[in-house]
Structure formats: C-alpha cells, structure tokens
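Trainee: Sequence and predicted structure below; questions after.
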Amino acid sequence: MADVQLHIGFDDTDSPRMGCTTYIGAILVERLEALGCKFTDYPNLIRLNPNVPWKTRGNGAVCLRVSCEDSSVDKVKDSVLETVKMNSDLEYARTDPAVVFLEGDVSEDLTQFAKRVLGDIVTVNEAKAVANRVHADVHLIKGERGLVGALAAVGEILHDDFTYEIIAYRFSENRGTQRKVRRESILEMDRETTPFTFNNYDPKKRRILITPRGPDPILYGIRGETPEILLRAKSILVVEEDIERWVIYRCNHGTDAHLRRVDRPVDVRPHQPTIMTATVLSIPKVILGGHVVFSIGDESGTVDCAAYEPTGEFREVVRRLIPGDVVRVFGGVREASSKNPVTINLEKIEILQLTQKVGYLNPLCTACGKRTKSSGRSQGFRCPRCSATFPLSSRIATVQSRDLEKRLYIPPPRAHRHLTKPYSRYGREKNVDPKSPVVVWHS
Ligand code: ZN
C-alpha cells in the first residue's frame, strides 16, 4: 500500500453570528487520525489579506497536511466534506464554504498564488484557473467565493516566517456565556512567557486579548514562537469551565506577511497592503471620530495616511509629525471616495528622518530688557514698557523639541490585526522548513 501526501484546505465556513473555521479544523484532526492519517505538519491557520472588503471577521483559512494510505483517500475526503457541511453556517447568505484537496507536493505556481491572495484581491476565476493547473480537487458547497482562501491555504506552506497559536474550544452548552478563564492567571501567563508569546494583554486599557467575545466556540487563543511555550502558557492558565478540545496551529500571525513594498505613492493600489517610504507633506489633523490624517508623497504623487481612533496612543505619535519628516508607512489601502483620496490605514510607522522644527520668540527690548509684544501678524514688535519698536527680523529662532525618535512605532496590541508583527517578534523571524509535529499538539 502506497502512502499519499494529501493537503486539505478550507475557508469561508463561518459567519459573524456563529461557527469558526479553526473549530472545524480541530474536529477534523481527530477524525482524520481515526482514519489512520499521519499529520506531516501542524494544522496551518492562514490569515489572508485583511484589506479585502467582504472578509468575515478574521479572514482565516485552514489547511491540514496528512499522509494517508492510498485506499483511504476517498474515505478521508468524504469525512472532510461532511464535517465542513455540518459545521458551516450555510444559512448565512454570504458564507460560501469551499474545500480543496491536493495530492503530492505543493508547486511553486500554487505558493505564488497564495502570496498574491495575501497581499491583493484575487478573483474566483483566477483561483479556478490555478486549481485546474495544479490538478486540485475542488468542492464548492454553496457559492464559489471560499475557493480563493481554501486554495491559498493549501499554497501557503509557511516557508518564510511563522508563529503558532494554541486554541482551546468550549463545550456547546457554554457558548454565548462569559468565558471562565481567571484574569490573574492570564496576567501571570503573560509575565512568565513574554516575549515568546505575544498580544496576550493590552496594558494601557488593561484588556485581556486571548479570550474573544461573542458566541463562537473559542475559549482562548494564545500566540507564540514555539509549541512548547504555548503548552507552558496553557498550563499556567486557571480555567473554570471544561475544555472541549484544544489544538496547536502553525500560522502567519504576527509576521507582516500581507505587506508589500511599494516604491512610489503613485504605485499604491487599493486593497494591496503596503510598505512605502515618503516625505510628510501636511501637518497631521484630527478629524471627526478622533482619527488623525496627513498626506505623504514625492514627485510622483501623494497619498493620505490615517491613524484611526482605535489605535489610541499611536495617534499621538502621528500627530507630532511635521512636513519634511521622512517616514516609512505600513498598512492597508482604502480606495478613494468622493470625499477622500486613496488612504493608507496605518498599521505601523517608522520615522527615518526628523526635520528641524523652528519656533520664534519675540525679542527682548534693547532699551529696557522687557520682552516685546507682537504688533500683529507679519508685523514687528513693540515694547509694552517703553514703546520702542523692532522689525520682524529681530525675532529669535529657536529649535523646538520634537518629542519623537527615529524608530519604529506600532499601535498598542488591542489595535493589531492578526498579521501585524508586534515589537516582540522583531529579531525572532523564522526561516526553517516545517517539521512534522513533535510535541503533543492536540487533545
Ligand atoms: Zn522697552
């Protein structure tokens, strides 16, 4: 009996009101093992382009990679399709689950497709063409839209940087109720495992980030650098409800995998998350809703950048920019509307050059030493004591403190997208071949 390498990708099973693609993955792990499959990698959880207008919450797709006996392939496929159908929110109009099976190795063609789905909008027709070329077995359960993500999950083999997430799930009778994970134990876990775990907690708002809100089956999810640190983190948590099951995913969380370098403002495209260097052209202004907006550009053109209200204290950094500063901006791109030009939604900013900010002081009266008063805009100065007058050119230029450093600034953890690389991951990027799972990685 020959063994077959089988890749199983699926996406778009969930809706805002229920379900969760990773939960289906967790159920399938057990079903496939029962059918004799050997996992050749941790289950993969792939976050796709967050800059797509029609995404459901997290825009995450799952791929399971297993080795199974030739004779059991049909049984495996039937089990997967049945599980996805049973656990998808098919009643929800915009949930269009798709499942893709691929036998053998993942080709370069397919990995390139996955990279494009991460950083751009790819049509269902393009996905169909790629699926045909690589001889993928495609199953559309309702509409076709899930195909793009399902196929991309198969193609994203996480050969570049990656992280892990341990996800614990709730029993169905507890879903929709308060999650019973003791707060102090989460803080202790955070202290004990940082910087090898990330985004557990937002210190400024004192907000726990590992437990989602809402009715979905996830009890908590902890992100980190290795499976081992996640098992340690799990062991520190005090959980006062029964855990139905848990699984460790290998992911692209916290890797900035969606961002593509663009050279000039004129090359910035809507829905293509971007990294670009340019000069600040306008004084940042606060607009309705508390968002901070400014424009950057070069001789090729200009684009707007926005730090939205949820980025909190990050906006204070952005507000201190002045024209002439050189910055590298990172973020999703919103298309132009009737009111606004193309706008980069800042996920982080690196300050490369700070221009000198010059302020002016009124001169001292040369006769009596008293500080003079301005005689009006663009006019000279007058001494309030002895009425001596002085020309505008007598003003005293002073270099003002910028209160900014030439470095990278990232919004607080609560405002991060799944893919945003946090401070703690800089210098920890991985670039190794995926290995088959080594530790106990699900239960
Ligand atoms: Zn005077």
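Mentor: Yep, that arrived.

Trainee: CA atoms for contacts and neighbours, from now on please.
Mentor: Will do.

Trainee: Near the ion, which residues of the stretch 301-443 of the chain? Just list them.
Mentor: Contact residues, the stretch 301-443 of the chain versus the ion (Cα under 5 Å from the ion): 365, 368, 383, 386.

Trainee: Surely the third one and residue 389 touch.
Mentor: Yes. Under the criterion of Cα atoms under 8 Å, residue 383 is in contact with residue 389, at a separation of 6.3 Å.

Trainee: higher neighbour count, the two?
Mentor: The neighbour comparison of residue 383 against residue 389 (other Cα atoms under 10 Å) goes to residue 383, with 22 against 17.

Trainee: What backbone torsions are found at the residue nearest to that one when sequence neighbours are not counted?
Mentor: Leaving aside its chain neighbours, residue 383 sits nearest to residue 372 (4.4 Å; criterion: Cα to Cα, 6 or more residues apart in numbering). Main-chain torsions, residue 372, degrees, to the nearest 10: phi -80, psi 170.

Trainee: among the residues of the stretch 301-443 of the chain next to the ion, which ones are buried?
Mentor: For these, a burial check counting by 16 or more other Cα atoms under 10 Å picks out 365, 383.

Trainee: Please tabulate the residues of the stretch 301-443 of the chain next to the ion in a markdown table, including the columns pLDDT.
Mentor: Converted to a markdown table, those look like this (pLDDT from 0 to 100):
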| residue | pLDDT |
| --- | --- |
| 365 | 94 |
| 368 | 92 |
| 383 | 95 |
| 386 | 92 |
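
Trainee: what sits against residue 29?
Mentor: residue 64 (Cα atoms under 8 Å, 6 or more residues apart in numbering).

Trainee: so which helix or strand takes in it?
Mentor: Assigned by DSSP states H and E, residue 29 belongs to helix 21-34.

Trainee: With residue 129 instead?
Mentor: helix 124-133.

Trainee: got a list of contacts for that helix?
Mentor: 109, 110, 113, 137, 138, 144, 145, 147, 148, 151.

Trainee: ok, and the closest non-adjacent residue to the residue of the stretch 201-350 of the chain with the smallest separation from the ion?
Mentor: Of all residues in the stretch 201-350 of the chain, residue 322 sits closest to the ion, at 35.3 Å by Cα to the ion. Counting by Cα to Cα, 6+ apart, residue 283 is the residue found nearest to residue 322 once chain neighbours are left out, at 5.3 Å.

Trainee: Next: residue 255.
Mentor: residue 421 (4.8 Å).

Trainee: Can I get the helix holding residue 129 in CSV, CA atoms only?
Mentor: Only the C-alpha atoms of helix 124-133 are listed here, as CSV (Å, rounded to 0.1, in the frame of the first residue of the first chain):
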residue,chain,number,x,y,z
VAL,A,124,-12.6,33.3,-8.1
ASN,A,125,-11.9,32.8,-11.8
GLU,A,126,-8.1,33.2,-11.3
ALA,A,127,-8.4,30.7,-8.4
LYS,A,128,-10.3,28.3,-10.7
ALA,A,129,-7.5,28.5,-13.3
VAL,A,130,-4.8,27.8,-10.8
ALA,A,131,-6.8,24.9,-9.3
ASN,A,132,-7.0,23.4,-12.8
ARG,A,133,-3.3,23.8,-13.5
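
Trainee: Okay, helices next: where are they in the stretch 301-443 of the chain?
Mentor: Assigned by DSSP state H, counting those that start in this stretch, the helices in the stretch 301-443 of the chain fall at 314-319.

Trainee: where does this protein dip in pLDDT?
Mentor: Counting by pLDDT under 70, the chain has low-confidence residues at 1, 14-19, 54-59, 90-94, 433-436.

Trainee: nearest residue to residue 332 other than its sequence neighbours?
Mentor: residue 273 (4.0 Å).

Trainee: what's the burial count for the one you found?
Mentor: Look at residue 273: counted by other Cα under 10 Å, it has 30 neighbours.

Trainee: How about residue 261?
Mentor: Neighbour tally, residue 261, other Cα under 10 Å: 14.

Trainee: where's the residue nearest to it when sequence neighbours are not counted, which helix or strand?
Mentor: Excluding its sequence neighbours, the residue lying closest to residue 261 (Cα to Cα, 6+ apart) is residue 275, at 4.6 Å. Per DSSP H and E, residue 275 falls inside strand 274-280.

Trainee: which strands and helices sit next to the very next helix or strand once past that strand?
Mentor: Using DSSP H and E, the helix or strand that follows strand 274-280 in sequence is strand 285-286. With contacts taken as 3 or more Cα pairs under 8 Å, 6 or more residues apart in numbering; DSSP states H and E, strand 285-286 sits against strand 292-298.

Trainee: Mind listing the strands the strand it packs on pairs with, and their directions?
Mentor: strand 274-280 (antiparallel), strand 285-286 (antiparallel), strand 301-307 (antiparallel) (DSSP bridges).

Trainee: Let me have those in JSON lines, adding mean neighbour count and distance to residue 414 as columns.
Mentor: Converted to JSON lines, the strands paired with strand 292-298 look like this (neighbours: other Cα atoms under 10 Å; distance: least, Cα to Cα, whole Å):
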{"stretch": "strand 274-280", "mean neighbour count": "22", "distance to residue 414": "21"}
{"stretch": "strand 285-286", "mean neighbour count": "16", "distance to residue 414": "21"}
{"stretch": "strand 301-307", "mean neighbour count": "22", "distance to residue 414": "14"}
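
Trainee: Ok, which of the ones you listed comes nearest residue 220?
Mentor: Closest to residue 220 of the strands paired with strand 292-298 is strand 301-307 (Cα to Cα; 28.4 Å).

Trainee: ok, the closest residue to the ion within the stretch 51-200 of the chain - contacts?
Mentor: Scanning the stretch 51-200 of the chain for proximity to the ion using Cα to the ion identifies residue 199 as nearest, at 60.1 Å. Listed by Cα under 8 Å, 6+ apart, the contact set of residue 199 reads 209, 210, 223, 413, 414, 422.

Trainee: mind checking the SS state of the third one?
Mentor: In this case it means residue 223. strand (DSSP: H, G, I helix; E, B strand; the rest coil).
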